[in-house]
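[1] When you get a sec, could you give me coordinates for this:
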Amino acid sequence: MITHIALNSHPDPKKVLVIEGSNSDFKTILPGMAVGFDHSKVIVHIGDGFPFLEDKINSFDVFITDASDLVGPAESLFQAK
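    Below you'll find the predicted structure:
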């Protein structure tokens with residue numbers, strides 16, 4: 001549900017980045033919903049999202065994250081470099 005506003009706010013989203021902060025295995029917990037991970041256009045990167053983003057400026061049309069806390073682990077998402 002966190003994707004609806006972001007995806008409908010962009011006129012033509014082609015490249016979407018989703019950062020999930022969960023430590024659980026989504027495919028095991030919700031296998032019916034996880035079938036999208038097997039799509040040929042999906043690339044799954046497991047690791048720290050901040051180093052991954054460093055060289056990806058203007059690489060994505062939409063950026064979605066469930067880490068909305070302004071303090072704590074997601075704090076750097078809300079700070080200018």
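[2] how about the residue nearest to Val44 when sequence neighbours are not counted, phi and psi?
    Once flanking residues are discounted, Val44 sits nearest to Phe37: 6.0 Å by Cβ to Cβ, 6 or more residues apart in numbering. (Each C-beta comes from the backbone N, C-alpha and C, glycine too.) Phe37 has phi and psi values of phi -60, psi -20 when expressed as degrees, to the nearest 10.
[3] Please apply the same query to Val16.
    phi -120, psi 130.
[4] Quick check: closest non-adjacent residue to it.
    Val62 (4.5 Å).
[5] what about that neighbour, distance to Lys14?
    To Lys14, Val62 is 9 Å away according to Cβ to Cβ, to the nearest Å.
[6] Give me the helices and strands touching the helix or strand harbouring Ala6, please.
    Ala6 is part of helix 3-9 when elements are defined by DSSP states H and E. Other elements packing on helix 3-9 under the criterion 3 or more Cβ pairs under 8 Å, 6 or more residues apart in numbering; DSSP states H and E are strand 16-19, strand 62-65.
[7] same thing but 7 Å
    Contacting helix 3-9 under the criterion 3 or more Cβ pairs under 7 Å, 6 or more residues apart in numbering; DSSP states H and E are the following elements: strand 62-65.
[8] List the contacts of the strand it packs on.
    Ile2, Thr3, Ala6, Leu7, His10, Pro13, Val16, Leu17, Val18, Ile19, Leu77 (Cβ atoms under 7 Å, 6 or more residues apart in numbering).
[9] My read is that the fifth one contacts Phe60, right?
    No: under the criterion of Cβ atoms under 7 Å, His10 is not in contact with Phe60, lying 10.2 Å apart.
[10] ok, the residue nearest to Val44 to Gly47 distance?
    Phe37 is 16 Å from Gly47, where distance means Cβ to Cβ.
[11] The two: which is more packed in?
    Phe37 (11 against 7; other Cβ atoms under 10 Å).
[12] avg pLDDT for stretch 44-53?
    Stretch 44-53 carries an average pLDDT of 83.
[13] Need the distance between the two termini of it.
    14 Å (Cα to Cα, to the nearest Å).
[14] And for stretch 51-58?
    By Cα to Cα, the extent of stretch 51-58 from end to end equals 15 Å.
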